[in-house]
Structures are given as structure tokens and as C-alpha cells.
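A.B. asks: got a predicted structure here, sequence first:
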Amino acid sequence: MWFRRDLRLTDNPALVAASSGHDVLGLFVLDPRLLETSGAPRRAVLIRTLRALDEQLDGRLVIRHGDPATVVTKVAREVKAEAVHCADDFGPYGRQRDQAVRATLEAHDIPLLRTGSPYAVSPGRVHRDAPGTPAYQVYGAFYRAWQTHGWPAPVAAPNPDWVSARSDGLPRERPLGQVELPSVGEAAARRAWYAFLKDGLADYGRERDHPGADGTSRMSVHLKWGTIHPRTLLADLSPKDEIYRRELAWREFYAAVLADRPDSARGYYRPELARMDWDNDEQKLAAWQRGLTGYPIVDAGMRQLLAEGFMHNRVRMIVASFLVKDLHIEWTYGARHFMNHLIDGDLASNSHGWQWVAGCGTDPAPFFRIFNPRTQGKKFDPDGHYVRRYVPELKGVPDRWIHEPAANPDGMPSGYPEPIVDHAVERIEALARYQNSRG
DNA sequence: TTTTGAGTTGTTCGA
DNA sequence: GTCGAACAACTCAAA
């Protein structure tokens, strides 16, 4: 069983397939290049998730470093495997990699058998007309078809005889400083889900937009590493939980879009805006990355990202809009920074979320929809709880001025920067550049 | 095939 | 302070 982004035993159809009457060896291949670009929190979450899985297997999880095409085949031959099982991967890199692995395995008469995927409905299954026709580009239509299509019920964990082999072991975590990471691994994912079902789901529609209250489910990190499957979540929802179900469907929608258009992982889904007059100013990018823009809600979000590898969804939209429309920096810079630091960073959701904000994605936001960071702050973090948690320089600023400390008649607290740009000016500038790029 | 209606998350301005 | 309209134009999906 080759584990990838499905680091769990329950509701894992590939593992069920591997277990039917056979001994099973659990393998995870660590690509060194993957870890090098990861921030410390993201790296730590992967390592801890793997450690949790290893404990579930009584220490028999085999970790190998290197190129999957070489490594998977090597291990399979070492233990004389009859077959290699895994879940399907629809990402641009995953597809190529699996092609290569399959070819190498087949040269030794070992089949690569793919069962299930990280989605309730695998990409390509929901289509407009006949199979093979283009994917939906409009979310609402996708959602209706996706629900109609339906998905199977969760499957129980099998209980195979686990065998083992030589393991390279896990790499060391890097120092995290003050960071508090969530508990990860399958058991933690279940605990988090049940806690949300009990205490969060009923108020989700009302609370999810307020970063200070933290009313989101926080399931993204578990879905990303596959310590829980979306089928499991969907099975626990009732018809009235429409708002939450729609959020799960967004993840499936973007995965389907990316599978249809692999180039949209790094490039423009709609190419029109590639011609925009971008500044891509390095100093402004650095100020944004470090949370030193002088806009409290933006800085709080960017610092939460560095500290926890997480950012509240509402704030993700605000900081993304700020980078693209206030700093005139291409969405690709922001998307890359997010992927390096987010512990829940999912390529499809990340790339397409950014493109939605930038106006070059599926169902893009109209270009004139530009977030005002001060208005957004006042609306969604009215008492400044969120800002004060991540921007300690602003602790003493009264609520009245927490989202515009520079306007406080009592002066700015020391150590906090003046706004690096004037939002009102840059908003007009962004609108003008969009007009120009349209010819 | 043609037509029609609709489309995640906003802001500003003026009444 | 609240409210409605304007901000554009295009593509997709379904009737």
C-alpha cells in the first residue's frame, strides 16, 4: 500500500483493495524536493502525520527517500509484492509521477492498482454531457450535478497482517519557535470533526466569516493529508447543512477544474490578464509576506500564516485582494508563498482561489470587486480580537482605531509601520490597469 | 439551435 | 445611519 495524500486506515478503499486476503506493507516515499520548499510548520505537519500513521501500524510504516519511480519499484521487488495499491491522484505532478511508476513496475510484472481518490466524486465523473466533455466552469451548475451524482458510503478499516521492511525513518522537524500546530493524524482528525459536529456546525453559517471567533471547521489540514475522507464528513451531515456541504463541494470543483486544465496550477486559467501591467515590486512583496503593510487585518493574516501555517478563509481573500489590487503584484507570487507555508495548502484550491480573486479563474470575481482592508476589518473583526492576537504592537490601540491606527489622534504605537500604499489611490490605479489590459 | 437568465464571499456614492 | 443603484461585459448552462 503506497500512501500518498491518504494517511489513514478508515474509509480508505485502496487499503481495502490491498488487504483482501493479503499481507500488506505500508510505504510512504519522501521526495526531498517537496520538503525543501516547505516552511517549518508544513514540514512538521507532514512529519507528525506520518508518525501518527506509523504508530497505527505499530512502527511498521516504511519511509523511503527518493524518486518514487525508483523507490516504489525497489521496495516492491524487495518484498516480492504481488501488486502496488494506491489511491488515484489527479494533480498535474501526481499523474505524471504515477505514469512513470506504473511503467517501471510493469517492467517487473507488478501492477499498479488505483482505487478511490481524495474526493467524494473523483474529477472527471461530474460532466456536463457525455463522459469526456469539458468540466463545469460555473460552480453552481457543478454543485447541482455533483449532488445528483452522489457518492458511496464510507468503508470500514480493514485489519490486514502488516509486514515491514527497512525504513529510512522520518526527517527531523525544524525549530518552530512560538508556533502552535493543531494535532494531526487520523485520530486527531476524527476528534476535531466530532468536536465541530457538536459545537460548531450549527453556528457555521453565522460564525465562519469572523476570524476572531474562529468558527470554521479547521478540517482543511486533515483533508489535505487525507487523515479523514470527505465521504466521512458528508455522511455525517444532514440536509440542512447545505452551507458546509457547499464548502466541501468547492474543493471537489477546483480539483475537477485542475484535472481538466493541468496548466492552471501555475498559469492563468483565463489568459487575458496575463498582459496586465504588473509591478511585482520585491520590497512590497516582502512587506506583504512578513505582515508589515500597515493594514492591520492584512498584517494579522500574513503573520498568522507564518506562525501557524494557517489563515482564516475570510482573511485569505482580504490579503489576496491586497496583493493583487493594492500592490499590483501577480497572483502567482501570492499563490507560491501560500503553498510554501500553508499546512493545508492544496494545489487546486490554492491556485483557483487566487485566480478567483485576481479575476482570471473560473467564475471570477468581477474586476471592480476590490476589498477595502479597513472596511473588511471593521465588518468581520469589529472588536479587533483577531488583529490584536497576531499584531501585538496594536494591543493598546482602542477598538475605534484598531483598523486604521494611523488615523488615531493619540498617534501610532511604536514599531508598527505606516500604510505602505494608499488604498483609495491604488484601487483607482487597479481599475485603470484592468481597463488598459482589456484594450 | 437559439435564447435567456444567472453568476461565493464588494465598495462607493448619493439620496 | 440606511438603502438602492451603479460598477461591465462575458460566458456558461439550461430551458
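C.D. replies: Great, that's in hand.

A.B. asks: and the gap between A:G215 and DNA strand B?
C.D. replies: 13 Å (Cβ to the nearest atom of the strand, to the nearest Å). All C-beta spots, glycine's among them, are computed from the backbone N, C-alpha and C.

A.B. asks: ok, stretch A:284-302 near DNA strand B or not?
C.D. replies: No: counting by Cβ under 7 Å from any atom of the strand, DNA strand B is not contacted by stretch A:284-302; separation bottoms out at 10.2 Å.

A.B. asks: give the rounded mean pLDDT of that stretch.
C.D. replies: Across stretch A:284-302, pLDDT averages out at 97.

A.B. asks: quote the end-to-end distance of that stretch.
C.D. replies: With Cα to Cα, to the nearest Å as the measure, stretch A:284-302 spans 13 Å from end to end.

A.B. asks: stretch A:232-252 too?
C.D. replies: 15 Å.

A.B. asks: give me the contact list for that stretch.
C.D. replies: Outside stretch A:232-252, the residues that touch it by Cβ atoms under 8 Å, 6 or more residues apart in numbering are A:10-11, A:119-121, A:123, A:126, A:139, A:142-143, A:146-147, A:151, A:153-154, A:193, A:197, A:201, A:204-205, A:208, A:217, A:219, A:223, A:230, A:346, A:348-349.

A.B. asks: what are the buried residues along it?
C.D. replies: Buried residues in stretch A:232-252, counting neighbours by 16 or more other Cβ atoms under 10 Å, are found at A:T232, A:L233, A:L234, A:D241, A:Y244, A:R245, A:L248, A:A249, A:W250, A:R251, A:E252.

A.B. asks: next one: stretch A:308-320
C.D. replies: Buried, per 16+ other Cβ under 10 Å, within stretch A:308-320: A:E308, A:G309, A:F310, A:M311, A:H312, A:R314, A:V315, A:R316, A:M317, A:I318, A:V319, A:A320.

A.B. asks: so out of everything in the stretch 201-350 of chain A, what residue is nearest DNA strand C?
C.D. replies: In the stretch 201-350 of chain A, the residue that lies nearest DNA strand C is A:R270 (7.7 Å; Cβ to the nearest atom of the strand).

A.B. asks: pick the one among the buried residues of stretch A:232-252 closest to DNA strand B.
C.D. replies: Nearest member of the buried residues of stretch A:232-252 to DNA strand B, counting by Cβ to the nearest atom of the strand, is A:W250, at 4.1 Å.

A.B. asks: could you see whether DNA strand B lies near the longest helix along chain A?
C.D. replies: Longest helix of chain A, by residue count under DSSP state H: helix A:242-260. Yes: counting by Cβ under 7 Å from any atom of the strand, DNA strand B is contacted by helix A:242-260 at A:E247, A:W250.

A.B. asks: tell me the mean pLDDT for that helix?
C.D. replies: 94.

A.B. asks: what's the first helix or strand after it?
C.D. replies: helix A:282-290 (DSSP states H and E).

A.B. asks: stretch A:273-284: end-to-end distance?
C.D. replies: End-to-end for stretch A:273-284, by Cα to Cα: 21 Å.

A.B. asks: and that stretch, what's buried?
C.D. replies: So stretch A:273-284, judged by 16+ other Cβ under 10 Å, has buried residues A:L273, A:M276, A:W278, A:K284.

A.B. asks: dump the residue contacts of the last one.
C.D. replies: Okay, so that is A:K284. So A:K284 contacts A:L327, A:I329, A:I420, A:V421 (Cβ under 8 Å, 6+ apart).

A.B. asks: what is the nearest of those residues to DNA strand B?
C.D. replies: Distance to DNA strand B across the contacts of A:K284 (Cβ to the nearest atom of the strand) is lowest for A:V421, with 13.3 Å.

A.B. asks: distance of the closest one from A:I428?
C.D. replies: From A:V421 across to A:I428, the span is 12 Å (Cβ to Cβ, to the nearest Å).

A.B. asks: who has more neighbours, the two?
C.D. replies: A:V421 (18 against 12; other Cβ atoms under 10 Å).

A.B. asks: name the element the more buried one belongs to?
C.D. replies: Using DSSP H and E, no helix or strand contains A:V421.

A.B. asks: go ahead and confirm it touches A:D326.
C.D. replies: Yes: counting by Cβ atoms under 8 Å, A:V421 touches A:D326, with 5.5 Å between them.
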